[in-house]
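Colleague: only the shape, not the letters, is given here:
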């Protein structure tokens, strides 16, 4: 289990499940966590995208491959480049999950095709509902706010204000935009507050990031808008898996982004992340030297 944050999401509710099944658990937060995989009979490993990028960056002479292992990616989207890299260097069994500490896991998807990176498999047909701004159920195919059925927690301890905002009518509201497909699969479309502004219109950031990841074969892409001295700007931050030519970048931005006056591109070697492995947006903004408000 790489990263203590991922363990807590499971351990709050089923802390004994691993011991009941039998075996050994390794909790590894060291700066050489690849050693937990090398030469071990590991059957399951949980990693966030930042740690997966770290594992894939190890020298080729370090053999980490174990096809008896299931690799579960948590706390962030899995890019195509990382999936292909994990399949080549680590294991053929790569899976993703969607969930939260509050509501548990609502999706577990084994990645067998590129489509599986975007369209997730719900654990049950009534796990998730999609609502409009008036909290009415939306039909299949329409993007709206996601809510997840509660099976466990129903409040935050000693915080009635947050409880009222996030727990309602037996559901948890994680703040995500999503869409359901006719076959029951779910795709995220970004955070309710995670939109970019372009010439007066708002666009969900996640589909743009996913398309740029695919076109640029990048480990991670993060897109946000910011009001600068020249007006609204869109910043595209990329952790590439290899060299990107100017032509490839221009074509990818043109295909993925809506009409935008000012676009700034930032290549990075890694993203700052919080304790659960998610991108720390404020730290990233400070690293890039961007002031003001990020939308």
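Modeller: Nice, thanks for sending it over. Because the structure is a prediction, the values reported are computed rather than measured.

Colleague: ok, which stretches of the stretch 101-250 of the chain are helices?
Modeller: With DSSP state H, counting those that start in this stretch as the criterion, the stretch 101-250 of the chain has helices at 160-166, 205-216, 246-256.

Colleague: let me know the angle separating the last one from helix 205-216.
Modeller: Taking axes from the mean of the first three to the mean of the last three Cα atoms, to 10 degrees, one finds helix 246-256 and helix 205-216 inclined to each other by 150 degrees.

Colleague: what packs against the following helix or strand past helix 246-256?
Modeller: Helices and strands here follow DSSP states H and E; after helix 246-256, the next one along the chain is strand 262-267. Applying 3 or more Cβ pairs under 8 Å, 6 or more residues apart in numbering; DSSP states H and E, one finds that strand 262-267 makes contact with strand 231-240, helix 246-256. C-beta coordinates here come from the backbone N, C-alpha and C atoms, glycine included.

Colleague: what about residue 215, neighbour count?
Modeller: 19 (other Cβ atoms under 10 Å).

Colleague: can you check residue 289 too?
Modeller: Neighbours of residue 289 under the rule other Cβ under 10 Å: 7.

Colleague: let me see the confidence value for it.
Modeller: On pLDDT, residue 289 comes in at 86.

Colleague: could you check how far it is from residue 226?
Modeller: 11 Å (Cβ to Cβ, to the nearest Å).

Colleague: likewise for residue 177?
Modeller: Computed as Cβ to Cβ, the residue 177 to residue 226 distance reads 20 Å.

Colleague: residue 263 too?
Modeller: Where residue 226 is concerned, residue 263 sits at a distance of 11 Å (Cβ to Cβ).

Colleague: name the residue in those two with the higher neighbour count.
Modeller: Using other Cβ under 10 Å as the criterion, residue 263 and residue 226 rank with residue 226 on top: 20 against 14.

Colleague: which strand residues sit across from that one in the sheet?
Modeller: With DSSP bridges as the criterion, residue 226 is bridged to residue 233, residue 294.

Colleague: test my guess that it contacts residue 233.
Modeller: Yes: between residue 226 and residue 233 a contact is recorded at 5.3 Å, counting by Cβ atoms under 8 Å.

Colleague: can you tell me the distance between the two ends of stretch 64-82?
Modeller: 15 Å (Cα to Cα, to the nearest Å).

Colleague: now it: buried residues?
Modeller: Using 16 or more other Cβ atoms under 10 Å as the test for burial, stretch 64-82 gives 64, 66, 69-82.

Colleague: how far away from the center of its chain is it?
Modeller: In terms of Cα atoms, centre = their mean, to the nearest Å, the centre of stretch 64-82 is set 12 Å apart from its chain centre.

Colleague: tell me which of the helices of the stretch 101-250 of the chain lies nearest to residue 59.
Modeller: helix 205-216 (24.0 Å; Cβ to Cβ).
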